[in-house]
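>>> Whatever this is, show me its structure:
(one chain, ligands or ions: 2)
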Amino acid sequence: MPKRIMIHPAEQRKKGKIEFPPILLNQYSRTLKDELDRFAREDLIHIYRDMLIIRTFEAMLNEVKTKTSYKGLEYNHRGPAHLSIGQEASAVGQAFLLGVDDHIFGSHRSHGEILAKGLSAIAKLDDDTLMSIMKTYNDGLTLKVVERDSAENVKELAIDFLVYGALAEIFGREAGLNKGMGGSMHVFFTPFGVYPNNAIVGGSADISVGAALYKKVNHKKGIVICNIGDASSACGPTWEALCFAAMDQFKVLWDKAHRGGLPLIMNFVNNFYGMGGQPVGETMGFKYVARIGAGLNPEQMHAERVDGYNPLAVIDAIARKKEIIERGDGPVLLDTLTYRYSGHSPSDAMSYREKSEVEEWQQVDSIVTYGRDLVGAGLCGQTDIDKEKEAVEELVFRAYEKAVDLEISPRADLYSVGSLLERTMFSNGNLESLDTQRKPETLIPLEDNPRVKQLAGKSRAGVDENGQLVPKGKCVVLRDAIFEAVIDRFYKDPTLVAYGEENRDWGGAFAVYRGLTEALPYHRLFNTPISEGAIVGTGVGYGLEGGRALVELMYCDFLGRAGDEVFNQLSKWQSMSGGMLKMPVTLRVSVGSKYGAQHSQDWTSLVAHIPGLKVVFPATPYDAKGLMNAALSGTDPVVYFESQRIYDMPELFHGAEGVPAGYYEVPIGEPDVKKDGDGLTILTIGAVLYRALEASKILESEYGISCEVIDARSIVPFNYEKVIDSVKKTGRILLTSDACDRGSFLQTLAAKISQFCFDDLDAPPVVVGARNWITPADEVEDSFFPYSSDILDAVHEHIERLPGYTAKRECGTSELLRRSAEGI
Ligand SMILES: Cc1ncc(C[n+]2csc(CCOP(=O)(O)OP(=O)(O)O)c2C)c(N)n1
Ligand SMILES: [Mg+2]
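Ligands and ions are numbered 1, 2, ... in the order given. Below is the predicted model of the structure:
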């Protein structure tokens, strides 16, 4: 499908200049008295109270960390505490106008934002709603603890709930907001619109963009705010997130009902420091964080600097930015200046800044000045302020007392079978649609799709009734099988979106998505910037919000670019939420061939090593469709590997029936016996299956060794039963895949099989992986990847001498020892 946007030389070659409108700094100039026309007295007092709660909460944590005691009650908190003492006004000002449909994501230093947003939600929600949230959240465990003290009313109870829940989370207790599995840097509470906070600097950037994407695609209420530090402005994922968020297509190509910018505020909480490094004057060159906006789009992301030392200035900015977003002109960027008096963490010696600098900021402390303004405007007296302070001290101590007590606030039992983490590493759901109320938006009926029609005329199997091979061009092949599963889900689940590089128009890399462009509007299938981190990270945000995302890395070798998003984000949030969040995100990863060292690597082992990811690698069309169906109906993150060697492989293992045209699932975690035998088990991962079958043919016909070939299909989870049964029969096993031998998942399988089948084994399991080299050019790649001759060589050297056989390449124990000693 050709693009609608034409590139005309006459236009592109014209003389001209780019003009940058000014980016404004600290323009707010109203006083508290001026604001009396816009705010109720009670609200203005609440702003003060909320800042005080944050300050007192953080001061308490500081004391606990530095003195192992607070108000005489001892406690040793071993975990981190990144405090935001001094930053309260920026958090409270931001939260003031937000409703529970407005979602915030944050950083390691987000206690203040969590409390501020929670307090704002409590002020807005009615008593029944608050009670119902508290009663149901965490099975009522958190509520049960705070109910021990009688609160005056539901709102007071909810404040106790919030403060205690956050603190119990920081202290790792089961009654904490995330069952103690998030901890200090990750506390969140979605019923109040507080979404995950991230210990990875800049980690929330692309996740927030994905959350905003979810709201836009699915017409959900509210905006998303990403709170990240000024120093995180240097992170690659932050830039990728900004580029993704500012894409023209939202305003240009998307259909009318979905047109407009993302409902996102990228808020840089600018405290002028990283840990000790100073972005301004030292580690960055922008002088003002807000300048970033100028590079992103003609609207400069409506960037401005706002004085985060004045809560009213921040409220004013949020109100204006919300308007911009509501008229479809987002995203926006804020540079909210603030300052932390506390160190990066309580162990910080603060050698990197002058004491006098801290004191200067303390002299304009927002709580003191705002309190003074309240009194000055006649909204309260000094005694009210003193009373408020006393009440807040009591509130925080009430929470502390209960949170440190192991009887009242025990930790989750992680030692027994079926423990919390055993239950929450995966959610194991199966849902046809994540929104059964809506009809999926598509452009044509499924049966009118040109590719669907074309496939209807093809053989479902690679062999006919007589067992003869059908020419490949006449069969449904592996890329078609993936397509069938994907398009089927698009017509079932309205929340499903797919995106990545060249996903639209081009037809998807390797033609897997050919036919989707015709079927789907832009907002369900689109091209992204070349931002692998953001491709995966936005998928994470989209999934956390409740949608299903299918995202893609064109080559496995680009996994490194999305390392944090796969290893720390996609894999973590289900269990870090104590099982309260789901991650229905499927990540397609295509393993290359023929393209040399940086485009041909099988990195399944890297992903399998990270707890929290399901990992599959189908090698046949039947399995590819069944596993994609399972991935797209599940609620867990699935890394779905494909091999470019076999996209055109027809189905050879399911007789003349081949790949069913209808829906079926292949359960994730179950290996499949592709060929029976009783003399040697060969366990394969991925495309090497076909080379293993070639080897097994030779072993049988020439050496009388009957091979049982098992295709792992899945890597995580992995059910050993079939492999154990096979080894009981054969007594020998060889394992092979295209991953480099050192550290490959085959080694884990081999070690476990040795352990599980020790009494049945006549020889140690033998691993045949790729060499520990770079991948050489296609013409010589048989020197690198395992081929059937390598399998025969390994059998001959390590399992059974093959009469009359001469190994093609040296691979005996002494050679393996030499290679190991040399690291090759
Ligand atoms: C990717 C990554 N790099 C480094 C760190 C270590 N680290 C934690 S906080 C921090 C400074 C972050 O500064 P900024 O983004 O301005 O946030 P602030 O701490 O000032 O709130 C650093 C370097 C980390 N957690 N993650
Ligand atoms: Mg900072």
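
>>> distance of whatever residue of the stretch 51-200 of the chain ends up closest to ligand 1 from ligand 2?
Among all residues of the stretch 51-200 of the chain, R109 sits closest to ligand 1, at 3.9 Å; criterion: Cβ to the nearest ligand atom. C-beta: built from backbone N, CA, C; applies to glycine. In this view, R109 and ligand 2 are 8 Å apart by Cβ to the ion, to the nearest Å.

>>> before we move on, what about D782?
Separation of D782 from ligand 2 (Cβ to the ion) stands at 53 Å.

>>> In a helix, that residue, correct?
Yes - according to DSSP: H, G, I helix; E, B strand; the rest coil, D782 belongs to a helix.

>>> Count the neighbours of the residue of the stretch 51-200 of the chain closest to ligand 1 for me.
Around R109 there are 25 other residues, counting by other Cβ atoms under 10 Å.

>>> where does the residue nearest to it when sequence neighbours are not counted fall, helix, sheet strand or coil?
Once flanking residues are discounted, R109 sits nearest to H82: 4.4 Å by Cβ to Cβ, 6 or more residues apart in numbering. Following three-state DSSP, H82 is assigned to coil.

>>> Spit out the contact partners of H82.
Shown in contact with H82 (Cβ atoms under 8 Å, 6 or more residues apart in numbering): H108, R109, H111, S184, M185, H344, S345.

>>> 10 Å instead?
Residues near H82 by Cβ atoms under 10 Å, 6 or more residues apart in numbering: 58, 61, 107-111, 184-185, 197, 199, 229, 275, 340, 342-346, 348.

>>> cool, and S84?
Taking Cβ under 10 Å, 6+ apart as the criterion, S84 is in contact with 54-55, 57-58, 90-91, 107, 109-113, 115, 269, 271, 338-342.

>>> Just the ones in strands from those residues, please.
V269 (DSSP state E).

>>> count of neighbours near the closest residue to A349 other than its chain neighbours?
Computed as Cβ to Cβ, 6+ apart, the closest residue to A349 that is not its neighbour in sequence is G343, at 7.5 Å. By the criterion of other Cβ under 10 Å, G343 has 22 neighbours.

>>> G343 and N62 touch, don't they?
Yes - with contact defined as Cβ atoms under 10 Å, G343 counts as touching N62 (8.9 Å).

>>> overlap in contacts of these two?
Counting by Cβ under 10 Å, 6+ apart, the shared contacts of G343 and N62 are L83, I85.

>>> Just the contacts of H82: which are in helices?
Of the positions in the contacts of H82, E58, L61, H111 sit in helices, assigned by DSSP state H.

>>> Save those residues as CSV, and put in distance to A10 and pLDDT too.
Formatted as CSV, the ones in helices among the contacts of H82 follow (distance: Cβ to Cβ, whole Å; pLDDT from 0 to 100):
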residue, distance to A10, pLDDT
E58, 60, 98
L61, 63, 97
H111, 57, 97
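
>>> ok, the residue of the stretch 51-200 of the chain closest to ligand 1 - contacts?
58, 81-84, 87, 184-185, 197, 227-229, 269, 271, 340, 342, 344-345.

>>> same check, this time on V591
Going by Cβ under 10 Å, 6+ apart, V591 touches 555-557, 599-604, 617, 641-646, 686-687, 738-739.

>>> Just the ones of the residues you listed in helices?
Per DSSP H, the subset of the contacts of V591 in helices is T604.

>>> how long is stretch 10-18 from one end to the other?
Taking Cα to Cα, to the nearest Å, stretch 10-18 runs 17 Å from one end to the other.

>>> For ligand 1, what's the nearest residue on the stretch 551-700 of the chain?
Nearest to ligand 1, among the residues of the stretch 551-700 of the chain, is D564, at 6.9 Å (Cβ to the nearest ligand atom).

>>> Fine by me, we can end here.
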